[in-house]
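*Asks:* quick one: sequence plus predicted model below, questions after.
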2 protein chains.
Amino acid sequence: MCDSLELSAASYHVIGDCDPSSYPLQKKFHTPEFLRSIPHIRPRSNLQGVVNRMRNTMIQSVHHTLQSNDFIQVMTPIMTSNDCEGAGELFSVALASSNQIDLNAFFNSRAFLTVSGQLQAEMMAHAMTRVYSFAPTFRAENSNTSRHLCEFWMIEPEMCFVQLPDLMDLAKKVIMDVAKNLEGKHGEDFRFLESRVDKTVPELVQTLREEKNYCHLTYTEAIDILTRKGQKFEVPVKWGIDLQSEHERYLCEKYCGNKPLFLTHYPAEIKPFYMKDSGDGKTVEAMDLLVPRVVCFGWIRSDVQGEIVGGSMREDQYDVLKRRMEEKGLLSEEVESGRSTKALDWYLDLRRYGSVPHGGWGLGLERLIETFTGVQNIRDVIPVPRVPGSCLL
Amino acid sequence: MCDSLELSAASYHVIGDCDPSSYPLQKKFHTPEFLRSIPHIRPRSNLQGVVNRMRNTMIQSVHHTLQSNDFIQVMTPIMTSNDCEGAGELFSVALASSNQIDLNAFFNSRAFLTVSGQLQAEMMAHAMTRVYSFAPTFRAENSNTSRHLCEFWMIEPEMCFVQLPDLMDLAKKVIMDVAKNLEGKHGEDFRFLESRVDKTVPELVQTLREEKNYCHLTYTEAIDILTRKGQKFEVPVKWGIDLQSEHERYLCEKYCGNKPLFLTHYPAEIKPFYMKDSGDGKTVEAMDLLVPRVVCFGWIRSDVQGEIVGGSMREDQYDVLKRRMEEKGLLSEEVESGRSTKALDWYLDLRRYGSVPHGGWGLGLERLIETFTGVQNIRDVIPVPRVPGSCLL
């Protein structure tokens, strides 16, 4: 990127010698696969330089937006005895010293790596009103796709005394500020991405920085649109289904014209127990933000970007929440005693001991970076990726 | 803390009901032990409010100082196949789904929870010049003391093209800025701490904000001082020993007069393999920052604060580092082939492929918070503490 400069040196001093013939990076194209096999040298490649600089700007931008909106950062536990949604695919923590492993030995209970800081962030929000967690999260999914990592970073704000539109407003603010901060600082990096990775990146950044571009549909409206005469999809559309990539893509790209789209009020059946009942007996006050990404070229595969923010209002009515948790077996038999930290009794306690309307969402940092760089394999936007079968360094 | 205000309401509306007779927090003194048994309610107690607000200011202050000094934040891996210093006391990552646990199954290799992001941060610094990791770290130490957590957050800057004094300057800047930012924003919180936790807190903050107060001794000078006529310690002092709390306390409090103290150039024998040889054949270019904390009262035990920053220049000479790593069995048999990510071969590669003088340090967030709040049990400065025998929530 410095081809426009020429350095005229009168003398030079070699600080650290290096044999150029054996240096792993040569002045030629290296495949992403090869670069991932030498993760300790990869940060010196030009794309990684761009990604790491922009990554840093995005992180600081998120902190800045949340802090200026009266959020304080909290650290929720990484090792946890809860498994959030009871959805499985958790890593366990064990002591390494013996071959006979007792998973309960160290803590007197099972310990898992967190899949989300949400439930504990809600606990903190009940004391501090507006909080966010910005921390690593873990999924033991055996998915070898360009969309999955076993270890990734999540930004999870939780706030009290709000309604669903406030959650969407905050998500917009965070994304718009990221777009503005990147535009102000990374002109040269964007030129690199435009010419080498995805020529539509600057256009998408422009789209994401303007509030007027954000669309909004309820799930029910979306189903209506998808079932209009003439639409054909591989997975048939009817009210109640979990939307597939092809459906989201149509809505975001075709219907909204390559604009970001909030989808809200999903069927309760397909969403987790903690989401707030909308009062219609069918849907919950959930919201997802979908971001379009279509055209790309070169060695990077075309792929749909999909959801980058997912959240909801949380069920704050004690009786309603208790019934849903009982149905899912998330409460211990002792729940009636109160103050119990067993199972998820403690989560129900947050409603027992003074409940308020509250909600929050999660934003995957690496998906945010994919969106703003156009890089479409998530392994290439984190310094040291963790995927099934590989734990280098 | 709002006793000075009176609210005159014409009407009121209960948002979330709560039975005051069963509410776990009453208008009375609760012991820290009791509060730790209800971690989901504990954030609502007044001391936790103070700690969490100040914690947030400290976190943002650290980001701000490092960012304004051209550092970028990087995420080093949490799950890792390396064990940093080979010091043991690691948690292993296992799959939770079966009772027959194969620790190699998921990644085709053992995976541990990181004890430090340092080595990978050095890797990033070799590409980006100045970086820092701000992330959770883990120790499977079976220590039930007020000084140890199994999960805590570390700030770890690494920078290239520097010398030992630059490392000390950066540490001073970070700590001084934290002191200034806290003083500017937390007057009421400090008054609470002064009256309820430790009356010396404001004085210590004043001391830490002035550059002129930071003392500096080499290890050898410290040994000279400690062995002067008339000094008596439980652990006898001679050159080569690892300094004990009683020694550090004497230096920091008595000799320097309750001032922060940098100790540098420790014996190579008692420090890890990666620290740079000072050139005298005996010591390494290490540095620790000790902070005094003595007087306290009430329910909080008197305890020495000790080291809050520890770091060093890193050995950047290929041959010297290779010899030390071989002595410790940290290299694989294949090391000669280069590009190997086995064992710690990759760390040696950072010198093989272009080496520069570089160094860094680690700052434990929770010890920083203890210092600035006067809270002396580390379990009370993190929202959800992890200690042997307890993994609540």
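*Replies:* Yep, it's here. Residues are numbered from 1 along each chain as shown, chains lettered A, B, ... in the order given.
*Asks:* for whichever residue of the stretch 151-300 of chain A sits closest to chain B, give me its contacts.
*Replies:* Closest to chain B within the stretch 151-300 of chain A is residue A:151: 5.6 Å, counting by CB to the nearest CB. Glycine gets a C-beta too; all of them are placed from N, C-alpha and C. Listed by CB atoms under 8 Å, 6 or more residues apart in numbering or on different chains, the contact set of residue A:151 reads A:136-138, A:382, A:386, B:77-79.
*Asks:* can you rerun that using 7 Å?
*Replies:* For residue A:151, the contacting residues are A:136, A:138, A:386, B:77-79, by CB atoms under 7 Å, 6 or more residues apart in numbering or on different chains.
*Asks:* packing partners of the strand or helix carrying residue A:122?
*Replies:* If you go by DSSP states H and E, residue A:122 is part of helix A:118-128. On a contact count with 3 or more CB pairs under 7 Å, 6 or more residues apart in numbering or on different chains; DSSP states H and E, helix A:118-128 meets strand A:130-138, strand A:151-160, helix A:345-352, strand A:358-364.
*Asks:* now these in CSV, with distance to residue A:251 and mean pLDDT?
*Replies:* Formatted as CSV, those follow (distance: least, CB to CB, whole Å; pLDDT from 0 to 100):
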stretch, distance to residue A:251, mean pLDDT
strand A:130-138, 27, 97
strand A:151-160, 24, 98
helix A:345-352, 33, 94
strand A:358-364, 19, 97
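*Asks:* residue A:9 is nearest to which of these?
*Replies:* Closest to residue A:9 of those, according to CB to CB: strand A:151-160, at 41.2 Å.
*Asks:* is chain B within reach of the next helix-or-strand element following that closest one?
*Replies:* With elements assigned by DSSP H and E, the helix or strand that comes after strand A:151-160 is helix A:164-185. No. Taking CB under 7 Å from any CB of the partner chain as the criterion, helix A:164-185 and chain B are apart, separated by no less than 11.5 Å.
*Asks:* ok, residue A:278 - contacts?
*Replies:* Contact analysis of residue A:278 by CB under 7 Å, 6+ apart lists A:265, A:284-285.
*Asks:* which among the residues you listed gets closest to residue B:212?
*Replies:* For these, the nearest to residue B:212 is residue A:285 (56.6 Å; CB to CB).
*Asks:* which residue is the nearest non-sequential neighbour of that closest one?
*Replies:* residue A:313 (4.0 Å; CB to CB, 6 or more residues apart in numbering or on different chains).
*Asks:* which residues touch the spatially closest residue to residue A:43 that is not a sequence neighbour?
*Replies:* The shortest distance from residue A:43 to any residue other than its chain neighbours is 3.6 Å, reached at residue B:127 (CB to CB, 6+ apart). Neighbouring residues of residue B:127 by CB under 7 Å, 6+ apart: A:43-44, A:48-49.
*Asks:* what does residue A:364 give?
*Replies:* Applying CB under 7 Å, 6+ apart, the residues near residue A:364 are A:152, A:154, A:308.
*Asks:* please apply the same query to residue A:36.
*Replies:* A:42, A:379, A:385.
*Asks:* cool, and residue A:91?
*Replies:* Taking CB under 7 Å, 6+ apart as the test, what residue A:91 contacts is A:112-113, A:138, A:140, B:93, B:95-96.
*Asks:* just the ones of the residues you listed in helices?
*Replies:* Using DSSP state H, no member of those falls in helices.
*Asks:* hang on, the earlier thing: quick one: mean pLDDT over the helix holding residue A:122.
*Replies:* When pLDDT is averaged along helix A:118-128, the result is 97.
*Asks:* one more: stretch A:32-40?
*Replies:* On average, the pLDDT along stretch A:32-40 is 95.
*Asks:* now swap in stretch A:234-244 and tell me
*Replies:* On average, stretch A:234-244 scores 94.
*Asks:* close to chain B: what parts of the stretch 251-393 of chain A are there?
*Replies:* Of all the residues in the stretch 251-393 of chain A, those in contact range of chain B (CB under 7 Å from any CB) are A:316, A:338-339, A:341, A:346, A:349-350, A:353-356, A:382-384, A:386, A:388-393.
*Asks:* let's see the ChimeraX selection covering just the buried ones among the residues you listed.
*Replies:* Selection of the buried residues among these in ChimeraX, burial being defined by 16 or more other CB atoms under 10 Å in any protein chain shown:
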select /A:316,338,339,341,346,349,350,353,354,355,356,382,383,384,386,388,390,391,392,393
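*Asks:* so the residue nearest to residue A:285 makes contact with residue A:274?
*Replies:* No. Counting by CB atoms under 7 Å, residue A:274 is not a contact partner of residue A:313; they are 9.6 Å apart.
*Asks:* for whichever residue of the stretch 251-393 of chain A sits closest to chain B, what are its contacts?
*Replies:* In the stretch 251-393 of chain A, the residue that lies nearest chain B is residue A:355 (3.1 Å; CB to the nearest CB). By CB under 7 Å, 6+ apart, residue A:355 lies in contact with A:316, A:318, B:16.
*Asks:* give me the number of residues near residue A:6?
*Replies:* By other CB atoms under 10 Å in any protein chain shown, 6 other residues sit near residue A:6.
*Asks:* can you classify it as helix, strand or coil?
*Replies:* coil (DSSP: H, G, I helix; E, B strand; the rest coil).
*Asks:* all helices for chain A, in order.
*Replies:* For chain A, helices defined by DSSP H occupy the ranges A:32-37, A:46-68, A:118-128, A:164-185, A:187-196, A:201-208, A:219-226, A:245-249, A:318-327, A:345-352, A:365-373.
*Asks:* rank the ones you listed by pLDDT, which is bottom?
*Replies:* Lowest mean pLDDT within the helices of chain A: helix A:245-249, a mean of 89.
*Asks:* run the chain-centre distance for that one.
*Replies:* Per CA atoms, centre = their mean, to the nearest Å, the displacement of helix A:245-249 from the mean C-alpha position of its chain is 18 Å.
*Asks:* report the buried residues of that helix.
*Replies:* Result for helix A:245-249 [16+ other CB under 10 Å]: buried residues A:247-249.
*Asks:* which one of the contacts of residue B:127 is nearest chain B?
*Replies:* residue A:43 (3.6 Å).
*Asks:* counting neighbours, what do you get for that closest one?
*Replies:* 22.
*Asks:* then residue A:279?
*Replies:* 8.
*Asks:* ramachandran coordinates for it?
*Replies:* Here is the backbone geometry of residue A:279 (degrees, to the nearest 10): phi 100, psi 0.
*Asks:* can you tell me which of the contacts of residue A:355 is nearest residue A:104?
*Replies:* Looking across the contacts of residue A:355 and measuring by CB to CB, the closest to residue A:104 is residue A:318, at 31.5 Å.
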